[in-house]
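Peer 1: Make a model of this:
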Amino acid sequence: MKITKVLCAPGRTGFYFDDQRAIKQGADHDGMAYIGKPVTPGFSAIRQAGEAISVMLVLEDGQIAWGDCAAVQYSGAGGRDPLFLSEDFIPFIMEHIAPVLTGAEVNAFRPLAEKIDHMEVNGKRLHTAIRYGVTQAILDAAAKSNKKLMAEIIAEEYHTSGVFKEIPIFCQSGDDRYNNVDKMIVKGASAMPHALINHVETKLGKNGEILQEYCRWMKNRILELRPSESYAPIIHIDVYGTIGAAFGNDNYEAQATYIESLVKIMAPFKLRIEGPMDVEDREKQMIALKSLREEVDRRGIAVELVADEWCNTYEDIKYFADNKAGHMIQIKSPDLGGINNIVESVLYCKKVGIGAYQGGSCNETDRTAQVCVHLALATGADQMLCKPGMGVDEGYTITYNEMERIIALAGRKRA
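Peer 2: Sure, this is the predicted structure:
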């Protein structure tokens, strides 16, 4: 099956582009906006509308395959590619990528996906968002060409079991961290709440007291609202480096002691802490996470540390995983470029015995979420993100329903 035409359409994402550096420097909220000037290049405001590009491939039998190019909320931070705006990149895609795709065979996924993922224009690799969306479309095209599910194509080409089972879905609250926890409990979310703890003074507390109080409330709320006594969600909190900022990025004993206080508050629920520190450098970040992991393990603290910042590419993920920089790696899907790298990353983490959290961003789309569910089920990821958006209901509907459809459709062949 060949591609006969490439089309692009501008789109909106499920959240916003936020200038992380400006927020960390203390930008104040004004409703849903932020007050002040952006500091990261490319931003026209600290918060601006998230943008996407739908790339549609017309196949020779008339079927349409598509994927969405999208970038993370905190674009341009933590070593990531710059802001992704549709008006800049639709012409680029049509000029440089459409000619490569037109006439290409899509009976398989990997050959064309890897070609696009490694493609260069004027000596530079394509923006991660472009590689992300175009390879989604290629996977969809391969699935349609073979009359199979996208998950089945991945399972066959990467030699996984092809038996698809439910995977824990991790919901994120955004700043509405109280109302959204209620939604997560009622819906039975497997992991929660993310909580967006991205500012020391207002969300963590100078001595960590604000987050401690939030954890006390959350534990009591779960016990109060949970549908049954068997419901025991994983508590996964992203602190955006604020623990390190409050207690010292290299003061691993103090960080571990504080984290231990959270473990005790949340017991008997399992606790994960994502991004405890951010030292603004890849190698230093790996060393810091490894050192903190060694400290909490030495002390027998029942927490899992999750790597995120500065762990963006497949090479980064291997580097952090090989050095056991944390107990789990967030495989932040838009940051990896081609979705072939997501597959390889999950499989590599499983191979070396570190947790594989197939994550992403609130700033994605319904299409990216659907495709990522296929990848997670095919590779057996340990956890996947509920996306897009921060409202819980919408992202959970998209993610959960796609997972159950895949399981049911794949199961029909074995029935």
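
Peer 1: CA atoms for contacts and neighbours, from now on please.
Peer 2: Will do.

Peer 1: Okay, and the beta partners of Ile331?
Peer 2: Beta bridges link Ile331 to Gln358, judged by DSSP bridges.

Peer 1: List the contacts of it.
Peer 2: Going by C-alpha atoms under 8 Å, 6 or more residues apart in numbering, Ile331 touches 308, 312, 317, 342, 345-346, 356-360.

Peer 1: Next one, pLDDT for Val72 please.
Peer 2: At Val72, the model reports a pLDDT of 88.

Peer 1: and it, which of the three is it?
Peer 2: Using DSSP: H, G, I helix; E, B strand; the rest coil, the structure places Val72 in coil.

Peer 1: and the nearest residue to Arg125 once chain neighbours are set aside, how many neighbours?
Peer 2: Sequence neighbours aside, Met119 is the residue nearest to Arg125 in space, at 6.0 Å (criterion: C-alpha to C-alpha, 6 or more residues apart in numbering). By the criterion of other C-alpha atoms under 10 Å, Met119 has 16 neighbours.

Peer 1: if I look at Met119, how far off is Gly391?
Peer 2: Distance of Met119 to Gly391, computed by C-alpha to C-alpha, to the nearest Å: 36 Å.

Peer 1: now His327
Peer 2: His327 sits 28 Å away from Gly391, going by C-alpha to C-alpha.

Peer 1: How about Asn323?
Peer 2: From Asn323 to Gly391 the distance is 35 Å (C-alpha to C-alpha).

Peer 1: what does Gly248 give?
Peer 2: With distances taken as C-alpha to C-alpha, Gly248 is found 33 Å from Gly391.

Peer 1: Can you pick out the residue with more neighbours from these two?
Peer 2: Just comparing Gly248 and Gly391: by other C-alpha under 10 Å the higher neighbour count belongs to Gly391, 21 against 14.

Peer 1: how about the nearest residue to Ala307, chain neighbours excluded?
Peer 2: Take Ala307 and drop its neighbours on the chain: the residue closest to it by C-alpha to C-alpha, 6+ apart is Ile329, 4.9 Å away.

Peer 1: doesn't that neighbour fall inside a helix?
Peer 2: No: looking at Ile329 with three-state DSSP, it is strand, so not inside a helix.

Peer 1: how far away is it from Leu336?
Peer 2: Ile329 sits at a distance of 13 Å from Leu336 (criterion: C-alpha to C-alpha).

Peer 1: again with Glu157
Peer 2: Distance of Glu157 to Leu336, given as C-alpha to C-alpha: 19 Å.

Peer 1: Okay, strands next: where are they in the stretch 101-250 of the chain?
Peer 2: Ranges of strands in the stretch 101-250 of the chain, per DSSP state E, counting those that start in this stretch, are 120-121, 124-125, 169-170, 191-194, 234-238.

Peer 1: Run a quick neighbour tally on Val100.
Peer 2: Look at Val100: counted by other C-alpha under 10 Å, it has 15 neighbours.

Peer 1: so it sits in a strand?
Peer 2: No: counting by three-state DSSP, Val100 is not found in a strand; it is helix.

Peer 1: Next, find the distance separating it from Ala137.
Peer 2: In terms of C-alpha to C-alpha, Val100 sits 14 Å off from Ala137.

Peer 1: again, but for Ala151
Peer 2: Applying C-alpha to C-alpha, the value for Ala151 to Ala137 is 14 Å.

Peer 1: again with Leu305
Peer 2: In this view, Leu305 and Ala137 are 34 Å apart by C-alpha to C-alpha.

Peer 1: do Cys372 as well
Peer 2: The gap separating Cys372 from Ala137 is 12 Å, by C-alpha to C-alpha.

Peer 1: will you turn the contacts of Ile331 into JSON lines that also has pLDDT and distance to Ala195?
Peer 2: Shown next, in JSON lines, are the contacts of Ile331 (pLDDT from 0 to 100; distance: C-alpha to C-alpha, whole Å):
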{"residue": "Asp308", "pLDDT": "93", "distance to Ala195": "15"}
{"residue": "Asn312", "pLDDT": "88", "distance to Ala195": "21"}
{"residue": "Ile317", "pLDDT": "97", "distance to Ala195": "24"}
{"residue": "Ile342", "pLDDT": "98", "distance to Ala195": "25"}
{"residue": "Ser345", "pLDDT": "98", "distance to Ala195": "26"}
{"residue": "Val346", "pLDDT": "98", "distance to Ala195": "24"}
{"residue": "Ala356", "pLDDT": "98", "distance to Ala195": "20"}
{"residue": "Tyr357", "pLDDT": "98", "distance to Ala195": "17"}
{"residue": "Gln358", "pLDDT": "98", "distance to Ala195": "18"}
{"residue": "Gly359", "pLDDT": "96", "distance to Ala195": "15"}
{"residue": "Gly360", "pLDDT": "94", "distance to Ala195": "15"}
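
Peer 1: So which of the residues you listed is the closest to Glu229?
Peer 2: Tyr357 (26.0 Å; C-alpha to C-alpha).

Peer 1: count of residues packed around that closest one?
Peer 2: Close neighbours of Tyr357, defined as other C-alpha under 10 Å, add up to 25.

Peer 1: Could you pull up the residues touching it?
Peer 2: Under the criterion of C-alpha under 8 Å, 6+ apart, the neighbours of Tyr357 are 328-331, 346, 381-385.

Peer 1: for those, which one is nearest Phe17?
Peer 2: When these are compared for distance to Phe17 (C-alpha to C-alpha), Leu385 wins out at 18.2 Å.

Peer 1: So that closest one versus His236, what's the distance?
Peer 2: 11 Å.

Peer 1: Tell me the buried residues in stretch 256-270?
Peer 2: Buried residues in stretch 256-270, defined by neighbour count with 16 or more other C-alpha atoms under 10 Å: 256-260, 262-263, 265-266, 269-270.

Peer 1: Could I get the CA-only coordinates of that stretch as CSV?
Peer 2: Output in CSV follows, covering the C-alpha atoms of stretch 256-270 (Å, rounded to 0.1, in the frame of the first residue of the first chain):
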residue,chain,number,x,y,z
ALA,A,256,15.2,11.6,51.8
THR,A,257,14.1,12.6,55.3
TYR,A,258,11.4,14.8,53.8
ILE,A,259,10.3,12.2,51.3
GLU,A,260,10.1,9.7,54.2
SER,A,261,7.7,12.0,56.0
LEU,A,262,5.4,11.9,52.9
VAL,A,263,5.6,8.1,52.8
LYS,A,264,4.5,7.9,56.4
ILE,A,265,1.6,10.3,55.8
MET,A,266,0.4,8.4,52.7
ALA,A,267,0.7,4.9,54.2
PRO,A,268,-0.7,2.3,53.3
PHE,A,269,-0.8,3.8,49.8
LYS,A,270,2.3,3.4,47.6
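
Peer 1: Appreciated, that's everything.
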